[in-house]
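A.B. asks: for reference, the sequence and a predicted model appear below.
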Amino acid sequence: MLDVSNLSVRFGDAYALRDASLTVHPGDRIGVVGESGSGKSMLAQALMGMVPESASMSGILKIDGTEMTRATEAQWRALRARRVAMIFQEPLAALNPLRRVGTTVMEPLRTHLGLSRTQARARTLDLFEEVGLPDPEQRLAAYPHELSGGQRQRVLIALALACDPKLLIADEPTTALDAEVAQRITDLLVRLSRDRAMALMIISHDLQVVARATRQLLVMYGGDIVERGETRKILSAPFHPYTRGLLAARPRPQLARPVPGTKRPRLPTIPGHIPALVDLPAGCRFSGRCPAELSRCRTTRSTEFRTGTGLAACHLLNPAERSKS
Ligand SMILES: Nc1ncnc2c1ncn2[C@@H]1O[C@H](COP(=O)(O)OP(=O)(O)OP(=O)(O)O)[C@@H](O)[C@H]1O
Ligand SMILES: [Mg+2]
């Protein structure tokens, strides 16, 4: 349903996303991980046709067979919500504080699906029920500040589901929540994906969230997808030096165990700092920080090679390189 090849997003000469290729099928559950600034949100925004105006997009993005890279805003509006919907990274900013949450969810049902007020209200109640909001009737009239963080996230999920999307992208859906609520929201997303045969893409710093919720994993760094494959396999046997660094830096399980009332620890970063977009090396983005770097890494990008658990873009996997050493 989604066919992406060599999708790039540029600000001038700086790539925030470089040649991303992926295919999404109904019911797929894909995790996207990487340090801050690695291009995760940019990938999501590109798939939604919502890149900043100052950016230029290139490559191929086919949604249900229609090429969308050069689509107009009107074409996107017709497709968004019904095909691809998103839960944004800032849960509070996404809800209008002056509007009752019921009204917010009813709006797309009326404008996109042409439902009457009564129909939209009934449908919103169903959605609130589906996402596990307690007392849906009462919640319709609530303002965002009257709800807990978890409940607000459930409202946003209901809103994203309103037009029955085929792909739901959740950008850091649990970051603002404490550990227990985070787990329940994660499980809700998985259940919705199963019940609706809806593809799910979860962007997260939290490896426990992607481990729990997703079957495939994309690892991003510097705007590139550097490794991909089955989530479980990559987490237990990462290949790319970047992925290894990311996993080595993860909090130990006893530290990460949910403690009620606490935020989950964010993933610490790998030694070295992430260069600004314009200073990224032209070749492998991770060169300069990579402990296993070869001479050609800074200048030449590697194609993807099989790792045994999936694919990684790394010269270390190139048979020609291996025969040299
Ligand atoms: N409007 C913009 N103008 C210029 N650069 C931008 C703009 N928006 C994002 N970028 C750059 O694009 C790169 C990728 O950003 P992106 O938001 O996708 O990162 P991310 O992986 O989602 O990080 P985080 O985990 O912090 O959310 C970053 O280097 C960022 O500074
Ligand atoms: Mg982001």
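C.D. replies: Yep, that arrived. Ligands and ions are numbered 1, 2, ... in the order given.
A.B. asks: which regions of the stretch 201-325 of the chain sit below the pLDDT cut-off?
C.D. replies: 251-269, 322-325 (pLDDT under 70).
A.B. asks: and the residue of the stretch 151-300 of the chain closest to ligand 1?
C.D. replies: Nearest residue of the stretch 151-300 of the chain to ligand 1 (Cβ to the nearest ligand atom) works out as residue 277 at 4.5 Å. Bear in mind the C-beta positions are built from the backbone N, C-alpha and C, glycine included.
A.B. asks: got a list of what that residue touches?
C.D. replies: Residue 277 makes contacts with 11, 14-16, 37, 222-223, as judged by Cβ atoms under 8 Å, 6 or more residues apart in numbering.
A.B. asks: show me which pair in these is furthest apart.
C.D. replies: Pairwise distances across those (Cβ to Cβ) peak at 13.6 Å, for the pair 11 and 222.
A.B. asks: those two: who's more crowded?
C.D. replies: residue 222 (26 against 15; other Cβ atoms under 10 Å).
A.B. asks: next one: the residue nearest to that one when sequence neighbours are not counted from residue 203, what distance?
C.D. replies: Nearest residue to residue 222, sequence neighbours excluded (Cβ to Cβ, 6 or more residues apart in numbering): residue 285, at 2.8 Å. According to Cβ to Cβ, to the nearest Å, residue 285 and residue 203 sit 18 Å apart.
A.B. asks: quick check: residues of the stretch 201-325 of the chain near ligand 1?
C.D. replies: residue 277 (Cβ under 6 Å from any ligand atom).
A.B. asks: can you give me the strands in the stretch 201-325 of the chain?
C.D. replies: 216-221, 224-230, 304-306, 310-313 (DSSP state E, counting those that start in this stretch).
A.B. asks: got CSV for those, with distance to residue 295 and mean neighbour count too?
C.D. replies: As requested, these are exported to CSV (distance: least, Cβ to Cβ, whole Å; neighbours: other Cβ atoms under 10 Å):
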stretch, distance to residue 295, mean neighbour count
strand 216-221, 20, 26
strand 224-230, 19, 24
strand 304-306, 18, 14
strand 310-313, 17, 22
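A.B. asks: got phi/psi on the residue of the stretch 51-200 of the chain found nearest ligand 1?
C.D. replies: In the stretch 51-200 of the chain, no residue comes nearer to ligand 1 than residue 52, which is 3.9 Å away by Cβ to the nearest ligand atom. Main-chain torsions, residue 52, degrees, to the nearest 10: phi -60, psi 150.
A.B. asks: ok, now which ones touch it?
C.D. replies: 11, 45.
A.B. asks: ok, how many other residues are close to the nearest residue to residue 306 once chain neighbours are set aside?
C.D. replies: Nearest residue to residue 306, sequence neighbours excluded (Cβ to Cβ, 6+ apart): residue 317, at 7.5 Å. Close neighbours of residue 317, defined as other Cβ under 10 Å, add up to 19.
A.B. asks: would you confirm that residue 317 contacts residue 302?
C.D. replies: Yes - Residue 317 lies in contact with residue 302 (Cβ atoms under 8 Å); the separation is 7.4 Å.
A.B. asks: residues in contact with the residue lying closest to residue 280 once chain neighbours are set aside?
C.D. replies: Using Cβ to Cβ, 6+ apart and skipping the chain neighbours, the partner closest in space to residue 280 is residue 222 (4.8 Å). Contact analysis of residue 222 by Cβ under 8 Å, 6+ apart lists 18, 38-39, 274-275, 277, 280, 285-286.
A.B. asks: and residue 69, by the same measure?
C.D. replies: Residue 69 neighbours (Cβ under 8 Å, 6+ apart): 7, 57-61.
A.B. asks: separate out the buried members of these.
C.D. replies: Using 16 or more other Cβ atoms under 10 Å as the burial test, the contacts of residue 69 include 7, 57, 59, 61 as buried.
A.B. asks: tell me the bridge partners for the last one.
C.D. replies: Think residue 61. residue 4 (DSSP bridges).
A.B. asks: show me what the longest helix anywhere in the chain is packed up against.
C.D. replies: Secondary structure of the chain read by DSSP state H shows that its longest helix is helix 179-196. For helix 179-196, the packing partners by 3 or more Cβ pairs under 8 Å, 6 or more residues apart in numbering; DSSP states H and E come out as helix 149-161, strand 167-171, strand 199-203, helix 207-213.
A.B. asks: 6 Å instead, please
C.D. replies: helix 207-213 (3 or more Cβ pairs under 6 Å, 6 or more residues apart in numbering; DSSP states H and E).
A.B. asks: which parts of the helix it packs on are buried?
C.D. replies: Neighbour counts using 16+ other Cβ under 10 Å place 207-213 of helix 207-213 among the buried residues.
A.B. asks: can you check stretch 94-102 too?
C.D. replies: 94-95, 100-102.
A.B. asks: return the member of those nearest to residue 134.
C.D. replies: Distances from residue 134 to the buried residues of stretch 94-102, taken by Cβ to Cβ, are shortest for residue 101, at 13.3 Å.
A.B. asks: the closest one contacts residue 154, doesn't it?
C.D. replies: No - Residue 101 is beyond contact range of residue 154, at 9.6 Å (criterion: Cβ atoms under 6 Å).
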